[in-house]
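# The sequence isn't on hand, but the structure is:
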DNA sequence: AACACGTGGGG
DNA sequence: TCCCCAAGTGT
């Protein structure tokens, strides 16, 4: 069997027909029947979901999307929000620069654009935290622009459809051209979402369900090779191990000593328990200097946490103190309200290691 | 261009 | 257990 030529018209027709029947229903999405009647999604909802979805699974995003809309129903509300509250609400979702940029972006939209998102790719891309992908996605989905939307899903679909031999990320420019050629003037937003749904549900990284794919007869990878070998990627580097220590102090009122991290860099602007720097050094000895105050510190085990570019092994120390000692820069937070703080997951792990009941309900 | 930047789920 | 990776952006 030969691989039939794929025209742009065929691609859009095949994909949109598939999407009408098999699209996912998502909280931020306008379903195809509505979309076909010209209803477009709220740009604020589209932007919020797209930022949350950067490198993050749909499953993880749903609850956060609901929470943010509940707390800040409009972009003006978010623009007026306290940064600390935004960081608290984002805690656990990761890539915290997104949360810092989120409020900056809302502020820019509210103050510089009268509360309306720009309706062009160029205007959108000028906003904080909005890059090439997100600008194209918002333009297509919320403003019906014919922009070429290229994310990890689309890269996978395109790389297989055309059996692209160039490795990522070098192949991206060429793929954007291919997507641009296929994107229809009618329903470009649905086309983009359909490509992403296809990548997420059919054209998956492992064991793609090619028999169910609308491009089944048109896919060069399927007809000439093993689709699973695409996209070809540059080799990744191995993760170094870093070591450190964390200090969990508990006072006689069941409060834990916390402090705020610097606004930039790893976990920037988030809350932490005091600790050492994290380095490759194999010593907990420098940890003496990192103790927030003198107390009967006792080792209570280690935790491991994997970041994007290194693995962390943290030695956790605990101390019970009679009363809340004054200490520069931090504060004492009751265990009961720890869950409302801007604590990244690694810090919750460290606290849970020292206080096993800290995050248990009741 | 290459690297920094989180987390949780699935195979 | 370990590896992969998920709707990327900023520098």
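That came through, no problem. Not measured: the values here are computed from a predicted model. Residues are numbered from 1 along each chain as shown, chains lettered A, B, ... in the order given.

# What is the least confident helix or strand in chain A?
Averaged element by element with mean pLDDT, DSSP states H and E, chain A has its least confident helix or strand at helix A:287-290 (a mean of 68).

# Buried residues, the helix or strand just after it. List them.
Once the chain leaves helix A:287-290, the next helix or strand it forms, by DSSP states H and E, is strand A:298-306. Residues A:300, A:302-303, A:305 are the ones in strand A:298-306 that count as buried (16 or more other Cβ atoms under 10 Å). Heads up, the C-betas are built off the backbone N, CA and C, glycines and all.

# Restrict those residues to those that also contact DNA strand B, please.
Among the buried residues of strand A:298-306, the residues within reach of DNA strand B (Cβ under 7 Å from any atom of the strand) are residue A:305.

# just the buried residues of strand A:298-306 now: which is nearest residue A:25?
Among the buried residues of strand A:298-306, residue A:305 lies closest to residue A:25 (Cβ to Cβ), at 34.0 Å.

# where exactly do the strands run in chain A?
For chain A, the strands defined by DSSP state E occupy A:241-250, A:255-260, A:271-272, A:298-306, A:311-320, A:330-334.

# how about those strands in JSON lines, adding distance to DNA strand C?
Listed next are the strands of chain A as JSON lines, based on distance: least, Cβ to the nearest atom of the strand, whole Å:
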{"stretch": "strand A:241-250", "distance to DNA strand C": "11"}
{"stretch": "strand A:255-260", "distance to DNA strand C": "20"}
{"stretch": "strand A:271-272", "distance to DNA strand C": "21"}
{"stretch": "strand A:298-306", "distance to DNA strand C": "7"}
{"stretch": "strand A:311-320", "distance to DNA strand C": "9"}
{"stretch": "strand A:330-334", "distance to DNA strand C": "27"}
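
# Endpoint to endpoint, stretch A:71-82 covers what distance?
11 Å (Cα to Cα, to the nearest Å).

# who touches that stretch?
If you take Cβ atoms under 8 Å, 6 or more residues apart in numbering as the criterion, stretch A:71-82 is touched by A:44, A:47, A:68, A:85-86, A:89, A:102-103, A:106-107, A:109-111, A:115, A:117.

# for those, which one is nearest DNA strand B?
residue A:102 (12.6 Å; Cβ to the nearest atom of the strand).

# Can you pull up the residues of the stretch 251-362 of chain A that come close to DNA strand C?
A:306, A:308.

# The stretch 251-362 of chain A against DNA strand B: which residues are in contact?
That would be A:265-268, A:305-309, A:344-346, which are the residues of the stretch 251-362 of chain A within reach of DNA strand B (Cβ under 7 Å from any atom of the strand).

# what's the neighbour count on residue A:56?
15 (other Cβ atoms under 10 Å).

# quick one on the thing from earlier: out of the buried residues of strand A:298-306, which is nearest to DNA strand B?
residue A:305 (6.0 Å).

# For that closest one, give me its contacts.
A:311-312, A:314, A:345-346, A:349.
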